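J.: from the sequence below, what's the structure:
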Amino acid sequence: MNELEVREKPPADPLPKLNRPKGSGSVHLDALRGVAALLVLFFHWRLAFFQDYSNLSHHNPFLYFTYIVTGLGHQAVMVFFVLSGYLVGGGVLRSANAGQWSWRDYLIARLTRLYIVLLPALVLGAALDWAGTHFTGQNSIYGPNGRAGSLLLTVNESLNPRAFVENAVFLQSLPLPANRLHQFPTFGSNVPLWSLSYEFWYYIGFPFIVLALSRKTSWFAKLVYFVLLLAWGWFVGLTVLVYSIPWLLGVAIRTLPPFPSRRSWVRRAALTVALAMLILGFVAGSLVNPWIQDIFIGECTAALVWISVSGTAVPLVGWYGRMAHGAAKNSYTLYLLHLPFLVFLKAALHLPQVAPSWLAIWPALGVLALSLAYVRLVYLLFERHTDDLRIWLKLRLAGRRRVTADAASHAAN
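T.: This next block holds a predicted model:
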């Protein structure tokens, strides 16, 4: 056996039997993921089409509330990190403790999930950015300044084959280990790609931790994984390490016992408190250090997820489940595809940044509707087939192993 593989036939899984997301818990997680993706969309939509709040000539409570809600894009990414840690990191814990860990299966699952949307996002984003830079003029959002209020783009600097490759291998926003002052840019106008590189490197680094600490791993393998973990930390840098805290909080949910009370009113009260704390963390960013806010959001999201997936399922309104599932299944495609399309329509239709008004909002709402339709189409073409791609790859690899084994057998005879 390869020394880097986990030994087979371990004792029973020592993790607490926290319910897997199903029933009402699954619906709540879908809703959380879908809302987080929409918040990122609304954030960039508002930045692209409406003036910053500080530049408005008139202020009122409704506008203030609207600007707060449409200003939570970064905070929503922390929610994604927690959910990713819970689902992906928790799966690593369980498979390793059950003696079923396989780097091959794990990488197939993760890379198919990432690339089936990332590669189309890079290609489609490149086409939209190229068309925008060539047909809308240097005075548009694609121009040298590349700015629409607080929305700063680096299209002229990063729309090139080198940046395409760097983003395809998840180097965007990472500092070079030899020069911490330089970072790889996100490709073209697709600024949200920064968090995808963080996600990828968490996928790579976390198994090093689990396998290095596992009692089922040989001492030599422990040493190798420990060295790999140190190299990983040196390579990704301090910022990625800090933002791993919300991701690890998601993993920690898998190690917790179920929520202690099965009474529905207690769980509803706890969910309400956790949700209220999460909303407080969302809107209190200007009062604390951004890293402290992000970690606090991670803690509140983890509490919300823990309560949601614990205990018995409760009946839910049918429309809520349908909307939650519909929003969640498009969330990854929505996150990676929306911004280049928004920017292109803004430039192509010559839509300026304006102060919010009942008249000015209609063109922006039209762009928003077209963006959602575009995302839906790309989802149907690519992300919907993720499981099919995984199965095809596993069958192909299994077939190659059988051919190799048969050839070795014939050679031996």
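
J.: identify the residues contacting the residue nearest to H58 when sequence neighbours are not counted.
T.: Ranked by CB to CB, 6 or more residues apart in numbering and with sequence neighbours excluded, the top spatial neighbour of H58 is A355, at 7.8 Å. Any C-beta I mention is one placed from the backbone N, CA and C, and that applies to glycine too. Shown in contact with A355 (CB atoms under 8 Å, 6 or more residues apart in numbering): 50-51, 56-58.

J.: write the ChimeraX selection for whichever of those residues are buried.
T.: The ChimeraX selection below is limited to those of these classed as buried (16 or more other CB atoms under 10 Å):
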select :50,51
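
J.: for L87, state which of the contacts of A355 is nearest.
T.: Nearest to L87 among these, counting by CB to CB, is F50 at 34.2 Å.

J.: that closest one: what's it in contact with?
T.: Neighbours of F50 in contact, by CB under 8 Å, 6+ apart: 149, 353-356, 360, 364.

J.: of all the residues you listed, which comes closest to I141?
T.: Nearest to I141, judged by CB to CB, of the contacts of F50 is Q353 at 9.4 Å.

J.: pretty sure the closest one sits against W45.
T.: No. Q353 is beyond contact range of W45, at 11.7 Å (criterion: CB atoms under 8 Å).

J.: count of neighbours near L271?
T.: Residues near L271, counting by other CB atoms under 10 Å, number 16.

J.: same check, this time on L223
T.: Neighbour count for L223, taken as other CB under 10 Å: 12.

J.: got the confidence number for it?
T.: Note for L223: predicted pLDDT of 95.

J.: re earlier: Serialize the contacts of F50 to a markdown table and add fields for pLDDT, secondary structure and distance to T217.
T.: What follows is the contacts of F50, written out as a markdown table (pLDDT from 0 to 100; DSSP: H, G, I helix; E, B strand; the rest coil; distance: CB to CB, whole Å):
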| residue | pLDDT | secondary structure | distance to T217 |
| --- | --- | --- | --- |
| G149 | 56 | coil | 51 |
| Q353 | 86 | coil | 55 |
| V354 | 88 | strand | 59 |
| A355 | 89 | coil | 60 |
| P356 | 89 | coil | 57 |
| A360 | 85 | coil | 60 |
| A364 | 93 | helix | 54 |
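
J.: got a ChimeraX select line for the buried ones in those residues?
T.: Per 16+ other CB under 10 Å, the buried members of those correspond to this ChimeraX selection:
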select :149,353,356,360,364
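
J.: how close does the residue nearest to H58 sit to Y53?
T.: Separation of A355 from Y53 (CB to CB, to the nearest Å) stands at 10 Å.

J.: phi, psi of F184?
T.: Dihedral angles phi and psi of F184 (degrees, to the nearest 10) take the values phi -70, psi 130.

J.: what sits against it?
T.: When contacts are counted by CB under 8 Å, 6+ apart, F184 is found next to 163, 166-167, 171-174, 176.

J.: where along the stretch 301-413 of the chain do the helices fall?
T.: Along the stretch 301-413 of the chain, the segments classed as helices by DSSP state H, counting those that start in this stretch run 318-329, 331-348, 361-381, 386-412.

J.: run the chain-centre distance for the first one.
T.: Put plainly, it is helix 318-329. 19 Å (CA atoms, centre = their mean, to the nearest Å).

J.: packing partners of that helix?
T.: Where contact means 3 or more CB pairs under 8 Å, 6 or more residues apart in numbering; DSSP states H and E, helix 318-329 is packed against helix 23-49.

J.: before we move on, the earlier item: farthest pair within the contacts of F50?
T.: So, the contacts of F50 by CB to CB: farthest apart are G149 and A360, at 14.4 Å.

J.: follow-up on the earlier one: of the contacts of A355, which is the nearest to A231?
T.: Taking CB to CB as the measure, A231 sits nearest to F50 out of these, at 44.8 Å.

J.: go ahead and confirm I209 touches L228.
T.: No. Applying CB under 8 Å as the test, I209 and L228 come out as separate, 10.0 Å apart.

J.: center of the chain, which residue is that?
T.: Among the residues of the chain, F80 comes closest to the average C-alpha position under CA atoms, centre = their mean, at 4.9 Å.

J.: please report how far it lies from F259.
T.: 23 Å.

J.: with L122 instead?
T.: Using CB to CB, one gets 41 Å for the distance from L122 to F259.

J.: of these two, who's got more company?
T.: L122 (22 against 19).

J.: okay, strands next: where are they in this protein?
T.: Ranges of strands within the chain are 147-148, 151-152, 175-176, 179-183, based on DSSP state E.

J.: so where's the stretch 301-413 of the chain shaky on pLDDT?
T.: For the stretch 301-413 of the chain, the stretches with pLDDT under 70 are 311-317, 399-413.

J.: so R254 sits right up against G90, yeah?
T.: Yes. Counting by CB under 8 Å, G90 is a contact partner of R254 at 3.6 Å.

J.: nearest residue to the residue nearest to the centre of the chain in space, please, no chain neighbours.
T.: A36 (5.6 Å).

J.: that neighbour against F81, yeah?
T.: No. The criterion here is CB under 8 Å, and A36 misses it with F81 at 9.9 Å.

J.: pull the number of nearby residues for V288.
T.: For V288, using other CB under 10 Å, the count is 13.

J.: quick one: contacts for it?
T.: Counted by CB under 8 Å, 6+ apart, V288 has contacts F296.

J.: and the pLDDT at it?
T.: V288 carries a pLDDT value of 71.

J.: any idea how far it lies from V309?
T.: For V288, the distance to V309 (CB to CB) stands at 28 Å.
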